[in-house]
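A.B. asks: sequence first, then the predicted structure, then my questions.
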Amino acid sequence: MNISENKVIDESIQGQALVLDTVKTGGKKLFLESYGCQMNFSDSEIVASILIDKGYTTTQNFEEADVIFVNTCAIREGAESKVRNRLNDFKRVKAKNPKALVGVLGCMAERLKHQFLEQEKLVDIVVGPDAYRDLPNLLDQAEEGHRAINVILSKEETYADLTPVRLGSNGVTAFISITRGCDNMCSFCVVPFTRGRERSRDPESIINEAKDLFARGYREVTLLGQNVDSYLYSGGGLKKETLTEEQKANSVTFAQLLEKVALIHPDLRVRFSTSHPKDMNDEVLHTMAKHENICNNIHLPVQSGNSRVLEMMNRGYTREWYMSRINAIRNILPDCGISTDIITGFCSETEEEHLETLSLMEFVQYDFAYMFMYSERPKTLAERKYEDNVPEPVKKRRLQEVVDLQRKLSGIRTEKGLGKVHRVLAEGFSKKSDDMLMGRNSQNSVVVFPKENYKKGDYVNVMVTECTSSTLIGKVIGKEETGQ
Ligand code: 5AD
Ligand code: SF4
């Protein structure tokens, strides 16, 4: 695996056209393509919900669309370039069908605001992540020939009352947003500028959404937020930073929310992402240990294994603190999968500091990692304060070292799964064959097995006998009856 072909690195900038499961006819056709993180995919389901309510249907073919929306990511420069190329493809559609409308949604819309409409004239509509309720109105404006923009960030919007329309869904697993925005201000990150202040969604609405999904046959929900551990809901529109100690004590914490969702039904699996090392507490770990249906998997981005670099990144923890969190996970949840995000070549990172990232990876033995070269983003603290002075070839070489090590660690993890029985939730056909089903074990490893009479949504016990570098392969030795 070399850097250019490493899916792990490119995954966050792959676009995916999102369509409804059932094809509806009539109405205007919406082509909706999403880039970036799961949060963006989850937002696209809100966007679809709003527009389907207005009579739209979805299409997979942008050439026949009346409205083309790209939900964008601004996290690294590469993600933005990809979207720009796509916008040029869409320009061709407008040449053929001048009535077609093109809109940019999400983080890039928020970051570049008027630039798309005025300087670049690439699009008709620009909408930030907190303004999706305004879409019908903006579409009307654009249809009348006005350029339409709403990039106002909100301190309250959580879209709590909207039921997302599940797009490109397997009917078994779904994402539920629990917080929006981020207050952490990591110095490299553009998210606090594009997604605004952190706010937590009403737990009632989260639980109702999960219950409704379960009733419709879904068997796994992933609770999503930039930093799920800082979830705190106090009701009455109260802001976290203004709460008294008493109000805090009466608020719903992430651990409590997790438990409430886990209690919906033992056959509803619960996952969550992303955890922040500075906020992930033992209460969450104990809640995970207490409920069988909370999956044993934690995504805990480390970013760097060196304390000086972490300080410059404004991450709020040291190497030692991170290691102590890993020890807590290993003590409380011995069987827990751990994944991470790593950035190589952050401003002034030395060779020794890079080696500390490698040694930390060895210490943790990550199951999986998203690995990136540092990409300077406009307006961030790092852009204003530090020089982006690690030469590109050095960043790249360090990244390759991180990737190579992670490949070794992932291989160890996969091999450890051999000869064991894994409880797997079947999600659908495997990529390679319709005779095989794929699913995941609790630790989030992909497991493939012969279909026989099993179907998606089934929990099965698979004895793993073979593996590739990242996939476990085996045979079902027993189906678990639901309701146990
Ligand atoms: N450069 C490289 N990687 C970044 N990430 C966030 N901002 C940047 C950047 N400027 C990575 C971090 C984060 C993940 C979502 O993206 O690792 O955890
Ligand atoms: Fe960005 Fe840090 Fe917030 Fe994650 S926690 S979204 S890296 S600012």
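C.D. replies: Yes, it's here. These numbers come from a predicted model, not from an experiment. Numbering: from 1, shown residues only. Ligands and ions are numbered 1, 2, ... in the order given.
A.B. asks: residues from the stretch 51-200 of the chain in reach of ligand 2?
C.D. replies: Applying Cβ under 6 Å from any ligand atom, one finds that the stretch 51-200 of the chain approaches ligand 2 through 182, 184, 185, 186, 189, 191, 192. To be clear about C-beta, it is placed using only N, CA and C from the backbone, and glycine gets the same treatment.
A.B. asks: dump the residue contacts of the fifth one.
C.D. replies: Residue 189 is in contact with 75, 182, 377, 380, counting by Cβ atoms under 8 Å, 6 or more residues apart in numbering.
A.B. asks: of these, which one scores lowest on pLDDT?
C.D. replies: Minimum pLDDT across those is recorded for residue 75, with 93.
A.B. asks: that one reaches residue 36, doesn't it?
C.D. replies: Yes - look at residue 75 against residue 36 with Cβ atoms under 8 Å: they come within range, at 6.5 Å.
A.B. asks: need the distance between the two termini of stretch 423-438.
C.D. replies: 12 Å (Cα to Cα, to the nearest Å).
A.B. asks: buried residues in it?
C.D. replies: Using 16 or more other Cβ atoms under 10 Å as the test for burial, stretch 423-438 gives 423, 424, 425, 426, 427, 429, 430, 437, 438.
A.B. asks: report the two of the residues you listed separated the most.
C.D. replies: 423 and 429 (19.7 Å; Cβ to Cβ).
A.B. asks: ok, residue 273 to ligand 1 distance?
C.D. replies: Residue 273 sits 10 Å away from ligand 1 when distances are taken as Cβ to the nearest ligand atom, to the nearest Å.
A.B. asks: what count of nearby residues applies to that residue?
C.D. replies: 21 (other Cβ atoms under 10 Å).
A.B. asks: can you tell me, leaving aside adjacent residues, what's nearest to it?
C.D. replies: Using Cβ to Cβ, 6 or more residues apart in numbering and skipping residues adjacent in sequence, the residue nearest residue 273 is residue 299, 4.6 Å away.
A.B. asks: partner residues bridging the one you found?
C.D. replies: Counting by DSSP bridges, residue 299 is bridged to residue 339.
A.B. asks: give me the element whatever residue of the stretch 251-400 of the chain ends up closest to ligand 1 is part of.
C.D. replies: Nearest residue of the stretch 251-400 of the chain to ligand 1, counting by Cβ to the nearest ligand atom: residue 341, 3.3 Å away. Under the criterion of DSSP states H and E, residue 341 resides in strand 337-344.
A.B. asks: which helix or strand lies directly C-terminal to that strand?
C.D. replies: Heading C-terminal from strand 337-344 (DSSP H and E), you reach helix 351-364.
A.B. asks: count of residues packed around the closest residue to residue 52 other than its chain neighbours?
C.D. replies: The shortest distance from residue 52 to any non-neighbouring residue, by Cβ to Cβ, 6+ apart, is to residue 165 (5.6 Å). When counting by other Cβ under 10 Å, one arrives at 20 neighbours for residue 165.
A.B. asks: tell me the secondary structure at residue 165.
C.D. replies: coil (DSSP: H, G, I helix; E, B strand; the rest coil).
A.B. asks: before we move on, back to that, pLDDT of the strand holding residue 341, averaged?
C.D. replies: In this model, strand 337-344 carries a mean pLDDT of 98.
A.B. asks: which outside residues touch it?
C.D. replies: 188, 296-304, 313, 326, 329, 354, 357, 361, 364-374, 395, 398-399, 402, 413, 442-445.
A.B. asks: between that strand and helix 351-364, how many degrees?
C.D. replies: Counting by axes from the mean of the first three to the mean of the last three Cα atoms, to 10 degrees, strand 337-344 points 170 degrees away from the direction of helix 351-364.
A.B. asks: PyMOL command for the buried members of the residues of the stretch 51-200 of the chain next to ligand 2?
C.D. replies: The buried subset of these, as determined by 16+ other Cβ under 10 Å, is captured in PyMOL by this line:
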select buried, resi 182+184+186+189+191+192
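A.B. asks: interface residues of the stretch 101-250 of the chain facing ligand 1?
C.D. replies: 188, 189.
A.B. asks: what pLDDT does residue 168 get?
C.D. replies: pLDDT at residue 168 comes out at 81.
A.B. asks: what do you get for residue 20?
C.D. replies: 58.
A.B. asks: give the other helices and strands that the longest helix along the chain contacts.
C.D. replies: Longest helix in the chain, counting residues (DSSP state H): helix 392-416. Applying 3 or more Cβ pairs under 8 Å, 6 or more residues apart in numbering; DSSP states H and E, we find helix 392-416 packed against helix 7-10, strand 337-344, helix 351-364, strand 368-373.
A.B. asks: how about that helix: buried residues?
C.D. replies: If you call a residue buried by 16+ other Cβ under 10 Å, then helix 392-416 has these buried ones: 394-403, 405-406, 409-410, 413-414.
A.B. asks: hmm, stretch 41-56 in reach of ligand 1?
C.D. replies: No - figure legend: stretch 41-56 not in contact with ligand 1 (Cβ under 6 Å from any ligand atom); closest approach 13.8 Å.
A.B. asks: picking up where we left off before, CA atoms only: put the strand holding residue 341 into PDB for me.
C.D. replies: C-alpha atoms of strand 337-344 as PDB (Å, rounded to 0.1, in the frame of the first residue of the first chain):
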ATOM      1  CA  GLY A 337     -11.400  -1.800  19.200                       C
ATOM      2  CA  ILE A 338      -9.600   1.600  19.100                       C
ATOM      3  CA  SER A 339      -9.100   3.700  16.000                       C
ATOM      4  CA  THR A 340      -7.600   7.100  15.500                       C
ATOM      5  CA  ASP A 341      -6.800  10.100  13.300                       C
ATOM      6  CA  ILE A 342      -3.200  11.200  12.700                       C
ATOM      7  CA  ILE A 343      -1.700  14.200  11.100                       C
ATOM      8  CA  THR A 344       1.900  14.200   9.900                       C
END
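A.B. asks: only the buried residues of that strand, if you could.
C.D. replies: Going by 16+ other Cβ under 10 Å, strand 337-344 has these buried residues: 337, 338, 339, 340, 342, 343, 344.
A.B. asks: do it and ligand 2 meet?
C.D. replies: No - counting by Cβ under 6 Å from any ligand atom, no contacts exist between strand 337-344 and ligand 2, the nearest distance being 7.8 Å.
A.B. asks: how far is stretch 412-430 from where the chain is centred?
C.D. replies: 22 Å (Cα atoms, centre = their mean, to the nearest Å).
A.B. asks: kindly check the end-to-end length of it for me.
C.D. replies: Start-to-end, stretch 412-430 (Cα to Cα) is 23 Å.
A.B. asks: tell me the mean pLDDT for it?
C.D. replies: Stretch 412-430 comes out at a mean pLDDT of 96.
A.B. asks: for stretch 254-271, same thing?
C.D. replies: 98.
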